[in-house]
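[1] Show me the folded form of this:
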Amino acid sequence: MLTYFLVFLLGAAPGFEVLVAVPLGVLRGLSPVTASLIGFAGNASTIIIEVIIFQKLKTWWDHKKKRDVSLSSKRTARAGAIWRQFGVPGLALVGPILIGSHLAAFLALAFGSSKIQATVWLLLSLAIWSIAFAVLAVLGIDIFSSVSQKLF
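    Coordinates of the predicted model:
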C-alpha cells in the first residue's frame, strides 16, 4: 500500500512526475501496468487541477499587477520555441522530458491554448510517457538481471 501511495505522490510532484514514479513503482515490485496507471493518475490529477485554476489565477495576477506578465528563463524560452514550431501537441509531448509536465501545462495555457486542448494533449502525452517509462524500467530490470546472473 505504501508503494502505491509513493508512486502516486511522486507522479503528482513536479520534477518527478511519471519519469521517476513509474520506474520506481516497477522497481518496488508493482506490475508495469499498475505502476503506469498510478503514476499517470498522480501526474494527471495535478495537471487537471492546474488547468482548472489557471484562468482564475491569471485573472487575479493580471488584475493585481496591471501589466503583461513575461516569464524569462532558459526553460521558458525553450518552451516558447517548441510552441512556435509545434504548438500544443509538440509542447505536450516533449514537455514532460524537457521542462516538466506541470510547467508545460502552465506555458501551454499562458501561450493561449484552450483548456480542453491543453488537457487532452497533456494527458495523452502523460499516457505515452507512462507506458514508455514502464517498458524501459522493465527492460532495465531484465537487462540487469541477465547481466548479474552472468557475472555471479
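
[2] wait, what's in contact with the residue positioned nearest the centre of the chain?
    The residue lying closest to the centre of the chain (Cα atoms, centre = their mean) is Ser101, at 3.3 Å. Neighbour list for Ser101: 17-18, 43, 47, 95, 122, 125-126 [criterion: Cβ atoms under 8 Å, 6 or more residues apart in numbering]. The C-beta positions use only the backbone N, C-alpha and C, and glycine is treated the same way.

[3] Please check the residues you listed and keep the buried ones.
    Among the contacts of Ser101, those buried by neighbour count (16 or more other Cβ atoms under 10 Å) are 17-18, 43, 47, 95, 122, 125-126.

[4] Turn those residues into TSV, including pLDDT and distance to Phe8.
    Output for the buried ones among the contacts of Ser101, formatted as TSV (pLDDT from 0 to 100; distance: Cβ to Cβ, whole Å):
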residue	pLDDT	distance to Phe8
Glu17	91	12
Val18	90	11
Asn43	95	9
Ile47	94	14
Gly95	86	21
Leu122	94	18
Ser125	95	19
Leu126	94	13
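
[5] Now, the residues you listed that are in helices?
    17-18, 43, 47, 95, 122, 125-126 (DSSP state H).

[6] For those residues, please prepare CSV with the additional fields distance to Leu9.
    CSV is the format used below for those (distance: Cβ to Cβ, whole Å):
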residue, distance to Leu9
Glu17, 11
Val18, 12
Asn43, 11
Ile47, 15
Gly95, 21
Leu122, 19
Ser125, 20
Leu126, 16
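
[7] Please consider this matter closed, and thank you.
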